[in-house]
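sequence? don't have it. structure:
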């Protein structure tokens, strides 16, 4: 019984994680290419800000602003879709 | 208490991982009362903690294929592989012995055809052993055997007709899993003089999975002098776009590559989204960074 419950729990967790990913992907894809690339490089490729600035051929200050605005936009988009609580 | 506008620079520093303790204290004071800024901090923290991963189905498929290849070439029995490796290294890293052996084979091939047939089998056996031990692309570069004028022809779903020069010409048919096929493919990326030869090798690479071929493709994508070859290579790496080595190489493309189509493909493979060249060029080159809702 315990094993069945834990396996059901794990399946539920997987479903929740999958839904979160789908919700997040929608918001990510609404960003323009440069912003999306900055987010992917910072959070998924763990690239330092200095290196992102080199790749995007811009300054570190601009990259920091891009990341801030990207998070703002993702947050706003999730809120508009009623999905913010799922992620938070 | 500071306003959101005043705290914005601190938020940016926090997101970049550069905030000091004192600044963090000020930020925490603000987020205790401001839901909007607090939610941005939470979102950032979830990203950093890896709690919001991107889909990883592609990397799982590649890892499974790589495991199957490693199993087939006998990596499981590491002690046997190691013994053979040290034996081959001792014999073939002495240039005089390798050259003498090659000359002997060459002479035999011209004057003693029947004897050569048996000796060809011996050479193929030796090549196969070296191919087993050549694990990285660097090993291929330093291999005592150099394959020249490599030609490939698909016969059916599982077999490739392979021909190459190794001081004497060899025509054989081998399965796609054979180490000789993998070695020849990796070598042809290094030694094919003509663009056509390299393009052909790249087109076969999707049928033959191997870590050294993947490394060879990465090397070609970053170093080949011909843009058509580099473009074909970056396309051939598409199934492995989630692989860490490939991703590092794609970042190198973005940094160093001058060709616009190459940079567009690198962006597409890194972000997972296809964009029209016009819109991406406008966005990558524009100075007014405005978030565009698509």
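Looks like it arrived, so ask away. It should be emphasised that the depicted structure is a prediction, and the values quoted were computed from it without experimental measurement.

residue nearest the centroid of chain A?
Note on chain A: the residue nearest the mean C-alpha position is residue A:24, at 5.6 Å, using C-alpha atoms, centre = their mean.

What sits closest to it if chain neighbours are left out?
In this structure, residue A:24 finds its nearest non-sequential neighbour in residue B:52, 5.3 Å apart by C-beta to C-beta, 6 or more residues apart in numbering or on different chains. Heads up, the C-betas are built off the backbone N, CA and C, glycines and all.

Then residue B:137?
Nearest residue to residue B:137 in three dimensions, chain neighbours excluded: residue B:215, at 3.7 Å (C-beta to C-beta, 6+ apart).

Pull the number of nearby residues for that neighbour.
By other C-beta atoms under 10 Å in any protein chain shown, the residues close to residue B:215 number 20.

Confirm it sits in a strand?
No - counting by DSSP: H, G, I helix; E, B strand; the rest coil, residue B:215 is not part of a strand but helix.

can you tell me how far it sits from chain A?
20 Å (C-beta to the nearest C-beta, to the nearest Å).

Do you know the pLDDT at that residue?
You'll see residue B:215 listed with a pLDDT of 89.

same deal with residue B:28?
According to the model, residue B:28 scores 93 on pLDDT.

so where does it fall, helix or strand?
For residue B:28, the element it lies in under DSSP states H and E is helix B:21-31.

Show me what that helix is packed against.
helix B:4-16, helix B:35-48 (3 or more C-beta pairs under 8 Å, 6 or more residues apart in numbering or on different chains; DSSP states H and E).

how close does residue B:222 get to chain A?
Relative to chain A, and taking C-beta to the nearest C-beta, residue B:222 is found at 15 Å.

Please report the number of neighbouring residues for that residue.
Residue B:222: 16 surrounding residues under other C-beta under 10 Å.

so it, which of the three states?
helix.

surely it meets residue B:251?
No - Residue B:222 is not in contact with residue B:251 according to C-beta atoms under 8 Å; the separation is 10.8 Å.

Pull out the buried residues from the helix holding residue B:28.
Using 16 or more other C-beta atoms under 10 Å in any protein chain shown as the test for burial, helix B:21-31 gives B:23, B:26-27, B:30-31.

what stretches of chain A score poorly on pLDDT?
A:1-21, A:86-88 (pLDDT under 70).

Validate this expectation: residue B:52 resides in a helix.
No - going by three-state DSSP, the assignment for residue B:52 is coil, not a helix.

what pLDDT does it get?
If you check residue B:52, the pLDDT there is 73.

tally of neighbours for it?
As a burial measure, residue B:52 scores 20 neighbours (other C-beta under 10 Å).

Equivalent analysis for residue B:3, please.
9.

Show the backbone phi and psi for it.
When read as degrees, to the nearest 10, the backbone of residue B:3 gives phi -80, psi 170.

Residue B:159 too?
Dihedral angles (degrees, to the nearest 10) for residue B:159: phi -120, psi 150.

still on that earlier bit, got the helices and strands packed on helix B:21-31 as a markdown table, with distance to residue B:144 and mean neighbour count columns?
Putting the helices and strands packed on helix B:21-31 into a markdown table (distance: least, C-beta to C-beta, whole Å; neighbours: other C-beta atoms under 10 Å in any protein chain shown) gives the following:
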| stretch | distance to residue B:144 | mean neighbour count |
| --- | --- | --- |
| helix B:4-16 | 50 | 18 |
| helix B:35-48 | 48 | 17 |
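
could I get these as a markdown table with mean pLDDT and distance to residue B:189?
Listed next are these as a markdown table, based on pLDDT from 0 to 100; distance: least, C-beta to C-beta, whole Å:
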| stretch | mean pLDDT | distance to residue B:189 |
| --- | --- | --- |
| helix B:4-16 | 93 | 39 |
| helix B:35-48 | 90 | 37 |
